[in-house]
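> what would the 3D arrangement of this be:
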Amino acid sequence: MTSKKTKSGSYSKGFTTSLRDQFLKNQLRENKRKFSKPFTLNLLCLTYNVNNKKPTQSLEPVLDIVSQFGKENKQQIIFNSPKKKKTKGKKEKKDQEILIDFGENSKTKKQIHSNETQKQQWEEQDLNKRKKKDPNLPKEGQVQENLNKPLDRNDPLKNRIDLIIFGLQEVDTTAPALFSNDEHKANQWKTVLEESLSTLRDSYKKVASKQMAGILLFVYARSRLRRQITNVDLSEHASGIFGMLPNKGGVAIKMDLYDSTIVFVNSHLACDMKHMERRNQDWATISENLTFNWITNYDLNAQANNKILQTRHSPNSNKKENELENEMKSKKSKKDHEIGKKKRKIRKMKKSKLTQSKTQPQIGTNEETSGKGKQEQERERDREREIERQIQTQKQKQRQKEKENEKRKKLSLYPTNSKMKISNADILFWMGDLNYRLGNISRTEVLEMIEKKELNSLLKYDQLREQMKFGYVFKGFKESVVNFPPTYKFDPGTITQYDTSEKKRTPAWTDRILWNCNENHDVRPRGYCSHPKFTVSDHKPVVGFFELTLLKIDPDLQFQYKKKLTKELDKAENESKPDASVSTNQIDFLDCRYNIIKKGSFTLKNKGSGLVQFRFMPKNNTGQISEPWIRVTPSRGMINPAGEMEIFVQVQINHDTIGELYQKSKSKYEIEDILVLHLENSKDHFIVVRASYEKSCFGMSLNSLVSLKNPIKKRATDNKGSGNGNRNVKKNVSSFIPKELWKLVNYINENCLDYPGIFMQQGFSEENQKIPDILDNDLDFAFDGSPLSVSETILHFLNSIAVSVIPVQFYKICLESVKSKRDCFEIIKQLPIIHQNVFIYLISFLKQLLKYGKKNKLEKDSIALIFSTVILRSPTKQISWKKDRKDKIKRKQFLLNFL
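Numbers count the residues shown, from 1 in each chain. Modelled structure (predicted):
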């Protein structure tokens, strides 16, 4: 394949080679099943919101899967996709189960697990084509009874648990846990978990654990299986108020088991009945921000907490395991032992020669003895040479074998220049307190339906299933049949008593376990239930038992498949010239607003018979393919013959992305940029991206805001009529604060200082978008909505200011002065006068908020952490809970000196 010189003057051979390798890796990952052997194992998932309570009950009942799922129970299954009609006279196949299907992209399959071989199982699973041909299938929404086969108590292998996943929420919701990730309560739950695991027949070893404040995730594996787990990595994302507090969000653990990548996510989404859109948004941001390294050196064996859990059955169960370890060690050292044996022979012969030479007399030796000695020496030398030759030939053969093995060994299917997202996993489990409620139904009706056990009818009001059907969240995910009553909200200490407090929450299935897998793998649910007898929390734990079908790559088959794929790729590249077309050459984004993301796309279609390789070219030797306010994904790739790819263009306009342009006097302006789409060995395409934007009070500097007498959009209309743009500017502005900030703070002062959860809980996304329009257009702040939306808007407003309340040049000295109140006050005196006024105004407002701490449940530490992040902004301009924790603690302490 020849390299082509690009317009920038540099050859694209390196790009072509890397993109070609990436394309081959993608093809190998997608077709992994063709050169792999399937194997199955069992997995147990637990999700439990412990409501900040200490563990008082053992988790042994959760681990006893036979008692949980060993009884016959009828389940009702709702068919959202067609299924073959049952024929009379034919024996039904064993363990037949249809999963609930959500969305167009999900791939529902009939999962048949019989006594046949694994190959027959793979052939029987693919029913997507045959579903459309059979008109006599149950209609959508039809309910049919299915009798699940109980677990066999006499078959310990089928009922053995190979992987155990514990997902806990609200382990610790106190302030120290939010700020310093306190592990005291987490360790208490860990002790209870491991004590419960010690009751099982097999021994277990902790693979990994991840904690983010009150969200905690554990992964345990059988000790023999733990050796096959590699590339473990951890991730987290906080989605609490303003993306800072980790009281809401998700944690994840990724691992490779043999040659299958599995990801486990434990999340706690936004609460409250009205916050359904916020929950959808939380899911989207968590999914986008949980990333991993494809290949890691995460050595969990070196950690002290990952010792094998000693069980009461361990002496008997580990006997064969220890024998196998010794056998593997002996096999491993067999070759080294043979080579060492020959080396020891040479050493003995050399020692014997030295001793003979020392003991032989130097004088008086006759000719016969000397002649015999010379012959023996020559024979010994010949023997040494032969042994050395054998060693050398053996080493050469070993080197040749190693070279051959390097060619034929398992090829890495992981990209080297990108991060892994959870959507790249072969199997993904998502559990947690998802907080979706029952909508459009009263509490009394819900309680009546629960009492009558009309769960299938009640599930029609479930927000999660409704949003999944519309494709808003959890696209392609599946859930087992829900045949247990709602798990929230109970009176703590009771088994069946739902909330009797003043709020009287409506019961709901907030605690869920969902999963997704690609075509090469399979997940079969074997049980799904709750445990009402756990009375510590106001939630009930939910347990799922699954059978996973994973893959183990055959290196020889993989080598042959890659060889064949490479030949086909070379042939396609050499025989045809690439040709592609774009669906449009211009993308317009109208009425963009500050910091609101707008998305567009265009389609790149391969019209030729060969592969199309594309990338967006950087401009002006900056290395950037576009202006900062534009983001393009993917920026490079390959398209198969007759294929197409949708390329997404995202626009986000704020002070950081458009820089000096934002400080110009225009109230409305248009910006544009040209993207250069380069095709290898073909012509380039040019995509024009345009955006129209109306200036907002968000993103302006404090000086500019104080100089405005009227709202910014009202000022623009007045200027058009009068022709004088400086009429509303005051010369003496030193004693003012921004009117927009005063309106927001005054609204809380007058209406909701004692509102529970203010500045700690998120507002409504629709209201958060309306409030900036009100501030830009109206003299009076006429807002009728949630106080939580106003408090969140205050944080966004302070964070959007072009120069933070305490400018960046004071950042370092502020962190260095946190131990001295006097020094902190001296720093404030050095600020510009407008910045001083805003800082003093905010401190007095926070003190007023803390006076109502018993009602609004605010603490000094929490309010100082939140406001210090926007008042004393980091120069890196990154707001992330997991980064610069030390700086965050110092920023919090700086603000506490004034509270």
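> go through the longest strand seen in the chain and flag the buried ones.
Criterion DSSP state E: the longest strand present in the chain is strand 36-49. The neighbour-count check on strand 36-49 (16 or more other C-beta atoms under 10 Å) flags 36, 38, 41-49 as buried. (Each C-beta comes from the backbone N, C-alpha and C, glycine too.)
> how far is the following helix or strand past that strand from where the chain is centred?
Using DSSP states H and E, the helix or strand that follows strand 36-49 towards the C-terminus is helix 60-63. Distance of helix 60-63 from its chain centroid, counting by C-alpha atoms, centre = their mean, to the nearest Å, is 28 Å.
> sorry, back to before: and the longest strand of the chain, how far from the chain's centre?
The chain centre lies 18 Å from the centre of strand 36-49; the measure is C-alpha atoms, centre = their mean.
> repeat for stretch 777-790
Taking mean C-alpha positions (C-alpha atoms, centre = their mean), stretch 777-790 and its chain are 35 Å apart.
> which residues of the stretch 201-350 of the chain fall in strands?
204-212, 215-222, 229-238, 249-257, 260-268, 291-292 (DSSP state E, counting those that start in this stretch).
> any chance of those in JSON lines, with mean pLDDT too?
Shown next, in JSON lines, are those (pLDDT from 0 to 100):
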{"stretch": "strand 204-212", "mean pLDDT": "93"}
{"stretch": "strand 215-222", "mean pLDDT": "95"}
{"stretch": "strand 229-238", "mean pLDDT": "92"}
{"stretch": "strand 249-257", "mean pLDDT": "95"}
{"stretch": "strand 260-268", "mean pLDDT": "96"}
{"stretch": "strand 291-292", "mean pLDDT": "92"}
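> of the ones you listed, which is nearest residue 53?
Proximity to residue 53 (C-beta to C-beta) singles out strand 215-222 among the strands of the stretch 201-350 of the chain, at 13.3 Å.
> tilt between that closest one and strand 260-268?
Relative orientation of strand 215-222 versus strand 260-268 (axes from the mean of the first three to the mean of the last three C-alpha atoms, to 10 degrees): 150 degrees.
> helices or strands next to strand 215-222 in the packing?
strand 163-169, helix 184-197, strand 204-212, strand 249-257, strand 260-268 (3 or more C-beta pairs under 8 Å, 6 or more residues apart in numbering; DSSP states H and E).
> ok so, going back, could the strands of the stretch 201-350 of the chain go into a markdown table alongside mean neighbour count and distance to residue 442?
Below are the strands of the stretch 201-350 of the chain laid out as a markdown table (neighbours: other C-beta atoms under 10 Å; distance: least, C-beta to C-beta, whole Å):
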| stretch | mean neighbour count | distance to residue 442 |
| --- | --- | --- |
| strand 204-212 | 22 | 36 |
| strand 215-222 | 25 | 32 |
| strand 229-238 | 20 | 35 |
| strand 249-257 | 26 | 32 |
| strand 260-268 | 26 | 27 |
| strand 291-292 | 20 | 42 |
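> indicate which one of those is closest to residue 798.
strand 229-238 (18.8 Å).
> partner strands of the closest one and their direction?
Looking at strand 229-238 with DSSP bridges, its partner strands are strand 249-257 (antiparallel).
> can you lay out the helices and strands packed on strand 215-222 as a markdown table showing distance to residue 478?
A markdown table is the format used below for the helices and strands packed on strand 215-222 (distance: least, C-beta to C-beta, whole Å):
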| stretch | distance to residue 478 |
| --- | --- |
| strand 163-169 | 17 |
| helix 184-197 | 27 |
| strand 204-212 | 24 |
| strand 249-257 | 19 |
| strand 260-268 | 15 |
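> and of the ones you listed, who's closest to residue 533?
Closest of the helices and strands packed on strand 215-222 to residue 533 is helix 184-197, at 14.5 Å (criterion: C-beta to C-beta).
> not counting the closest one itself, show me its contacts.
50, 52, 54-55, 58-60, 62-63, 164, 166, 168, 171-172, 177, 204, 209, 211, 216, 218, 220, 309, 311 (C-beta atoms under 8 Å, 6 or more residues apart in numbering).
> cutoff 6 Å now
54-55, 58-60, 63, 166, 171-172, 204, 211, 216, 309 (C-beta atoms under 6 Å, 6 or more residues apart in numbering).
> now stretch 583-599
600, 602-603, 649-654, 687-693, 696, 698-699.
> could you find the closest non-adjacent residue to residue 533?
residue 495 (6.1 Å; C-beta to C-beta, 6 or more residues apart in numbering).
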